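Undergrad: turn this into a structure:
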Amino acid sequence: MIIRELRGIKPQFGKDCFFAENCVIIGDVKTGDQCSFWYNAVIRGDVHFIKMGNKVNVQDGAVIHATYKTHPTTIGNNVSIGHNALVHGCTIHDNVLIGMGAIIMDGCIVESNSIIAAGAVVTKNTVVKSGTIYAGTPAKKIKDISEALISGEIDRIANNYVKYAGWYKEE
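TA: Residues are numbered from 1 along each chain as shown. Predicted coordinates:
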């Protein structure tokens, strides 16, 4: 893994985090507890800050970045960022699932208890309202989320990634 200070700022991590051997985390990055950073994930806090809450999993190949001086990236608690997703200069609130290959662009706000479908492109400055599912290119609301999806998908995936990280720590 590469965890690198840049311009005098070191990444800071909460307790009980997992780092795959080839993840890259640079600069002004702060996380909460029980976060996991999987294979080939890149979190690059070089041009603005990146802040994450507790139980955030950044899956294989995902990239988190920001935009110089204008758009930091803030991620809440209990968030899953799917394989090869791109989260850039936006705000993700609590209890969000970002599907595989999704793109969230500058200025977007994804409110709590929401799902961004695999492959969706959430264009600049879009506000994803709480309790909705967005899909497509450009991403649009396709339906309201059910309580079953909140517990059955959002919570399940976030909790599973804490469990998976534990398997690696046992080795």
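Undergrad: pLDDT weak spots in the protein?
TA: Within the chain, the stretches with pLDDT under 70 are 171.
Undergrad: any idea which strand is longest in this structure?
TA: Scanning the chain for the longest strand, with DSSP state E as the assignment, gives strand 42-52.
Undergrad: note down every partner strand of it and its orientation.
TA: strand 24-30 (parallel), strand 63-65 (parallel), strand 73-75 (parallel) (DSSP bridges).
Undergrad: give me the residues contacting the helix or strand that comes right after the last one.
TA: Scanning forward in sequence from strand 73-75, with DSSP states H and E defining helices and strands, the next element found is strand 79-81. Contacts with strand 79-81, where a contact means CB atoms under 8 Å, 6 or more residues apart in numbering, come from 52-53, 55-59, 62, 64, 75, 87, 92, 94-98, 154, 157-158, 161. Using the backbone N, CA and C atoms, a C-beta is placed for each residue, glycine as well.
Undergrad: inside helices: which ones of these?
TA: If you go by DSSP state H, these have 157-158, 161 in helices.
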